[in-house]
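**Q** Next one to model:
(3 chains)
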Amino acid sequence: MSSPTRLTLTEHSPTYWRVTFDNPPVNLVDGTMTRELDEVFTRAEEAAVKVILFDSADPEFYIAHYDLSAKDELEHVLAHPEEVHPYTALLTRLTKLPLATISSIRGIARGAGSEFLLATDMRFASREKAVIGQFEIGMSAIAGGGPATRLPGLVGRGRTFEMLFGGLDLDGVRAEQYGYVNRSLPDAELDGFVDELASRIASFDLQTIKDIKHFVNIATLRPDAEFKDQMDAFWASVSRPAQQHVARHLFEAGLQQRSEVERDLPHWVTRFQYRPGSDEG
Amino acid sequence: MSSPTRLTLTEHSPTYWRVTFDNPPVNLVDGTMTRELDEVFTRAEEAAVKVILFDSADPEFYIAHYDLSAKDELEHVLAHPEEVHPYTALLTRLTKLPLATISSIRGIARGAGSEFLLATDMRFASREKAVIGQFEIGMSAIAGGGPATRLPGLVGRGRTFEMLFGGLDLDGVRAEQYGYVNRSLPDAELDGFVDELASRIASFDLQTIKDIKHFVNIATLRPDAEFKDQMDAFWASVSRPAQQHVARHLFEAGLQQRSEVERDLPHWVTRFQYRPGSDEG
Amino acid sequence: MSSPTRLTLTEHSPTYWRVTFDNPPVNLVDGTMTRELDEVFTRAEEAAVKVILFDSADPEFYIAHYDLSAKDELEHVLAHPEEVHPYTALLTRLTKLPLATISSIRGIARGAGSEFLLATDMRFASREKAVIGQFEIGMSAIAGGGPATRLPGLVGRGRTFEMLFGGLDLDGVRAEQYGYVNRSLPDAELDGFVDELASRIASFDLQTIKDIKHFVNIATLRPDAEFKDQMDAFWASVSRPAQQHVARHLFEAGLQQRSEVERDLPHWVTRFQYRPGSDEG
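**A** Residues are numbered from 1 along each chain as shown, chains lettered A, B, ... in the order given. Below is the predicted model:
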C-alpha cells in the first residue's frame, strides 16, 4: 500500500487498528480518500484484524462532506450509468467487513461524513462536540450515500424524514436520544471509552466476530441495489440547475474552506435557494 | 373541491399548506372526513405542494377516534369484502404522497387518530397536552388502520405490543422516549417549532423532497396487503358480540360526546368487558 | 403435565398465568427447563390463557445462561445437524404463542436468559436490579438463541453490535434507553406494575389478542431458518478449542455456581482468552 495522504493508520496491535481522517482544511471525502480507505480494508482483512476505530485528526471537523469541486467526476458518472460509484461500493463493503468497526465522533460529520458513520457498526459521540447531519436537501440534492436506507433501522422512519427533509444538525445528546449513535459521552471520556471497547473486542475470538457480523447483517442489511439507485439520484441532482445555483453561491461564500459556511452549513444553504425564472438563474 | 366540513385548509404559501381538523364535538374521523382529506391530497399533488402540516382546532381533542355510530358502514363493508376500506386507502396514500407531512399533536389522538399520525412522515407533540393511544383492544377490536404494521418501525416490537395489548395512553414525554413522536416540546413552543420546520422544508427543492420520500419509503413501507387484512379484521371484530357489548355501554355512558368517557377512554373500557354467558349478553 | 422442577406455575386466574424460574443455584436453562416451558405453553394454549408473566424466584439471578456442562448435548447436536435445537424451537414458539407474554426482570439475565427475554412480547426491568447481557463472545462463541436476529428490531443495528461484540451488561436504565426493555421501573414498583398490566390484558378479548399478535408478528418476525443457523453456529463454536479453553478455566473459577464469576461474568471472561500456540492450549 502506498502511503495514505488523506488519513493516518495506527496499528495499536496486530488486531486493533485505528484510522484517523486527516485531510485539511475540513476533512473532505474524495476519490483519493475512498481509494485509501478501500486499501486499508483490504489490508485489514488480509491481516485478520478484529477491530478498526475511526476518528479524526481535526477536533472541529470529523468529515465535512464529499468534495463537490470535482467537475470531471460528474462527467464520468453521467457517462457510465452502469457503474457503482466508488463511495457507494466502499460503504457497502464497510458494512460487510469481517471485523468490528467503531466510529468515535468529535466535530462536524455531515453529508458523506454522516454516511460513513452510518456504515460503521457502532457510533460513539462527544456529547459537547459532535455535530451530525445530512444537509444535502439544502443544496437541492438527495443524500447519495444511503442514509435513506440506513437511517430507518437506527432512528425509525419519522426521525429519518426529519433528518433528510429538514437538513439540520443533531448534537451529541440528540443523536443518542434518536439512536443515531450508540451513546454520547462527555468529551473528556470519549477517547478512553472507545479505546477500551476496541481493546476488549480485539481480545476476543475472530471467528466469533465474523459469525456475529454475518448474522446481524442478514437481519439488518438492505439490498445493495438500493444504494446504487440513491447515488445515481444524487448525481442526477448535481446535474440540475437548482443544485448548481446553491453550490456556486456557497463556494463563493466559503464552502470547503475553514469558514463559517462550513461551520453552520444548514443555516447558510437557506440563503441561496433557487427560484426558477429569477434573474440570476 | 367543495368546501370541507370536517377540517379547514390554510395555504400559508403556495408550497406550504396546513390542514386543521375541526369536527366537533371531539374530532371524529368518518367517511366524510376521509373524502375531504383525499381531496386535499389530490389538490396538493396537483399544486406541487412541498409540505402539509396537520393540527387540530380543538386543543383537547386532536382526533378522538373513528365514528363508531355508522351502522350502514358495517353492512357495506361486510357485503364487499374485496374492497379496500377508504380509510386504509387514505392512510396508504398519505405515506406515499410526493411531499413532506408533519403532525403537530395537542390533545387526544386515539384509535384512528393515532393511525393517522403514524401515516404522516414526522410527528411532534406537546409535552404537556398530547395524549396518544390505541384503545381498541378495550372495545374487543383490533385497531384497523395499521398500527400493528406501522408502529414496530418507530417504537420496536416490544413497545408495539405494549400499546396494542395494553390499550393505554402515552403522554408526550413517553411518546418521545418510545420514538412514536420525533420530539415532544413544551406546549408553548410546539406551534413555532413545527411552523419553522415546515417553512424550511417548503423553501427546498421539490424534486429532492420527492426523491427522499421515494427512497425512505422503499426502506420502510410494508406491503399494502397487510393494511387491508388488518382493516378486515377490525370489521370482523365489530360484527362480534364482545365488541357490540362494550360499544353499547360506552355509547350510553357518553362515547363520542365531549365527556369523561372520551377524556379517559382507556379507563372506561374496563368497566364494560364482555363475559360470554352472562345475563345481559 | 408432570410437576415442573425448574419453575413454578401460578394460575392467578384462568386467563392470567405466571411462570417463576426457580432452578438453583443460578437459574440455568437446560433441556429439562426447555421441556417444562414447552409443556406450559401447550397447556396455556389449550386453556385459552390470555397472558403469561415470567419472573424469577431468585432476586439475584433471573436466568444466568444455558447449562454448559452437558457434554452429551454437544455430541447429540453434532450428530444430528438436521434437527432444530429444542431451545431454538421453544423461543420461536414463544414469539408465536396466541396470547400475550410479559417478562418482569430482576437480577442477572445473560446469554440464554437474555434470549428468552427477547422472545417474549414485552419486557419490564427493575431499574436498580436488572442486569442484561450477551456475554457469549467472551467465551469465543456466538450467542445461539437468536439475539443477532431479534435485537435489531428493538435496539437498532448499532446497539446490537455493541451488545454482541462487547459482551458487556446493560443495567435497567441503559436497557430502557436502548429500547431493549419497554420500561425500567423503580424496583419497589416493578411487581405492581407488571401485575396490573397483565391483569388488564387478561380482562380483554382473546380473539383480539390473537389478532394483534398475528399482525405484529407479520411485521416483525424474521424467518425461522435464521434461528436454526445461529444455533448451529453456536454449537460449532462450542466444538472449537478457543471456547473449550475459556469454558474450562471459568468452570474452575466458579462458573454455574453462586460465585463472583457468575455475578461479574463479562469481567471474568477476559482473564482466560485463548491464545493459539500458547503452552496450555
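**Q** what helices or strands is the lowest-mean-pLDDT helix or strand in chain A leaning on?
**A** When the helices and strands of chain A are scored by mean pLDDT, DSSP states H and E, helix A:71-79 comes last with a mean of 87. If contacts are counted by 3 or more Cβ pairs under 8 Å, 6 or more residues apart in numbering or on different chains; DSSP states H and E, helix A:71-79 sits against helix A:224-238. The way it works is simple: take the backbone N, C-alpha and C, and place the C-beta from them, glycine included.
**Q** Could you see whether chain B lies near the helix it packs on?
**A** Yes: using Cβ under 8 Å from any Cβ of the partner chain, helix A:224-238 comes into contact with chain B via A:226, A:229-230, A:233, A:237.
**Q** In the following helix or strand past that helix, which residues are buried?
**A** Using DSSP states H and E, the helix or strand that follows helix A:224-238 in sequence is helix A:241-253. The neighbour-count check on helix A:241-253 (16 or more other Cβ atoms under 10 Å in any protein chain shown) flags A:242-247, A:249-250 as buried.
**Q** average pLDDT across the helix or strand containing residue A:174?
**A** When elements are assigned from DSSP H and E, residue A:174 belongs to helix A:172-178. In this model, helix A:172-178 carries a mean pLDDT of 98.
**Q** Next, the buried residues of that helix.
**A** Going by neighbour count (16+ other Cβ under 10 Å), the buried part of helix A:172-178 is A:172, A:174-178.
**Q** Distance from the least confident helix or strand of chain A to the middle of the chain?
**A** 21 Å (Cα atoms, centre = their mean, to the nearest Å).
**Q** ok, and what's touching that helix?
**A** A:31, A:83, A:85, A:235, A:238-239 (Cβ atoms under 8 Å, 6 or more residues apart in numbering or on different chains).
**Q** Now render the residues you listed as TSV, adding neighbour count and pLDDT.
**A** Below are these laid out as TSV (neighbours: other Cβ atoms under 10 Å in any protein chain shown; pLDDT from 0 to 100):
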residue	neighbour count	pLDDT
A:31	16	95
A:83	14	95
A:85	23	97
A:235	18	94
A:238	20	90
A:239	12	88
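**Q** Going by distance to residue C:147, which of those wins?
**A** If you rank these by distance to residue C:147 using Cβ to Cβ, residue A:85 comes first, at 34.1 Å.
**Q** Let me know the pLDDT of the closest residue to that closest one other than its chain neighbours.
**A** The shortest distance from residue A:85 to any non-neighbouring residue, by Cβ to Cβ, 6 or more residues apart in numbering or on different chains, is to residue A:231 (4.6 Å). If you check residue A:231, the pLDDT there is 96.
**Q** rewinding a little: name the helices or strands packed onto the helix holding residue A:174?
**A** Using 3+ Cβ pairs under 8 Å, 6+ apart, helix A:172-178 sits against strand A:122-133, helix A:152-166, strand A:183-185.
**Q** how about the residues of the stretch 51-200 of chain A near chain C?
**A** Checking the stretch 51-200 of chain A against chain C by Cβ under 8 Å from any Cβ, the hits are A:100, A:121-123, A:153-155, A:179, A:181-182, A:197, A:200.
**Q** quick one: which of the residues you listed has the most company?
**A** residue A:123 (31 neighbours; other Cβ atoms under 10 Å in any protein chain shown).
**Q** List the residues that contact that one.
**A** A:102-103, A:105, A:117, A:175, A:180-182, C:158.
**Q** so how far is stretch A:208-220 off the chain centroid?
**A** In terms of Cα atoms, centre = their mean, the centre of stretch A:208-220 is found 22 Å from the chain centre.
**Q** Residues in contact with it: which ones?
**A** Residues contacting stretch A:208-220 (Cβ under 8 Å, 6+ apart): A:50-51, A:95-100, A:121, A:153, A:201, C:136-137, C:140-142, C:148-149, C:151-152, C:157, C:160-161, C:164-165, C:222, C:226, C:229-230, C:233, C:237, C:242.
**Q** give me the low-pLDDT residue ranges for chain A?
**A** Applying pLDDT under 70 to chain A flags residues A:1, A:277-281.
**Q** same thing but at 50, please
**A** Applying pLDDT under 50 to chain A picks out residues A:279-281.
**Q** Pull up the residues of it that are close to chain B.
**A** Contact residues, chain A versus chain B (Cβ under 8 Å from any Cβ): A:136-138, A:140-142, A:148-149, A:151-152, A:155-162, A:164-168, A:179, A:222, A:226, A:229-230, A:233, A:237, A:240, A:242-243, A:270, A:273-274.
**Q** So among those, which ones count as buried?
**A** Buried members of the residues of chain A next to chain B, scored by 16+ other Cβ under 10 Å, are A:136-138, A:140-142, A:148-149, A:151-152, A:155-162, A:164-168, A:179, A:222, A:229-230, A:233, A:237, A:242-243, A:273-274.
**Q** how about the buried residues of helix A:241-253 in CSV, adding distance to residue C:74?
**A** Below are the buried residues of helix A:241-253 laid out as CSV (distance: Cβ to Cβ, whole Å):
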residue, distance to residue C:74
A:242, 63
A:243, 60
A:244, 65
A:245, 67
A:246, 63
A:247, 62
A:249, 67
A:250, 63
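**Q** Closest to residue B:44 out of the residues you listed?
**A** The closest of these to residue B:44 turns out to be residue A:242 (Cβ to Cβ; 20.7 Å).
**Q** So the residue lying closest to residue A:84 once chain neighbours are set aside versus chain C, what's the distance?
**A** The shortest distance from residue A:84 to any non-neighbouring residue, by Cβ to Cβ, 6+ apart, is to residue A:228 (5.3 Å). In this view, residue A:228 and chain C are 20 Å apart by Cβ to the nearest Cβ, to the nearest Å.
**Q** residues in contact with residue A:228?
**A** Contacts of residue A:228 were listed using Cβ under 8 Å, 6+ apart, and they are A:84-85, A:88.
**Q** same question, residue A:178
**A** Residues in contact with residue A:178 (Cβ under 8 Å, 6+ apart) are A:154-155, A:159, A:170.
**Q** if I look at it, how far off is residue A:151?
**A** According to Cβ to Cβ, to the nearest Å, residue A:178 stands 9 Å off from residue A:151.
**Q** Next: residue A:207.
**A** Taking Cβ to Cβ, one finds residue A:207 at 31 Å from residue A:151.
**Q** With residue A:109 instead?
**A** With the distance defined as Cβ to Cβ, residue A:109 ends up 14 Å from residue A:151.
**Q** The spatially closest residue to residue A:98 that is not a sequence neighbour: which element?
**A** Leaving out its chain neighbours, the residue that sits closest to residue A:98 by Cβ to Cβ, 6+ apart is residue A:210, at 4.6 Å. Using DSSP H and E, residue A:210 falls within helix A:206-220.
**Q** can you pull the buried residues of that helix?
**A** By neighbour count on 16+ other Cβ under 10 Å, the buried set for helix A:206-220 is A:206-216, A:218-220.
**Q** for stretch A:63-71, same thing?
**A** Neighbour count says stretch A:63-71 has A:63-68 buried, by 16+ other Cβ under 10 Å.
**Q** Can you tell me which of those lies closest to residue C:191?
**A** Residue C:191 has its nearest neighbour among the buried residues of stretch A:63-71 in residue A:63, at 49.0 Å by Cβ to Cβ.
**Q** which residues touch that closest one?
**A** Applying Cβ under 8 Å, 6+ apart to residue A:63 gives the contacts A:21, A:27-29, A:56, A:108-110, A:112-113, A:116.
**Q** State the distance from residue A:188 to residue A:157.
**A** Noted for residue A:188: a distance of 35 Å to residue A:157, by Cβ to Cβ.
**Q** Would you work out how far apart the start and end of stretch A:134-141 are?
**A** Stretch A:134-141 stretches 10 Å from its first residue to its last (Cα to Cα, to the nearest Å).
**Q** Distance from it to the middle of the chain?
**A** 15 Å.
**Q** neighbouring contacts of it?
**A** For stretch A:134-141, contacts defined as Cβ under 8 Å, 6+ apart pick out A:65, A:110-111, A:114-115, A:142-144, A:147, A:163-167, A:169, A:234, A:237-238, A:240, A:242-243, A:245-247, A:250, A:265-266, A:269-270, A:273-274, B:201, B:204-205, B:207-209, B:212.
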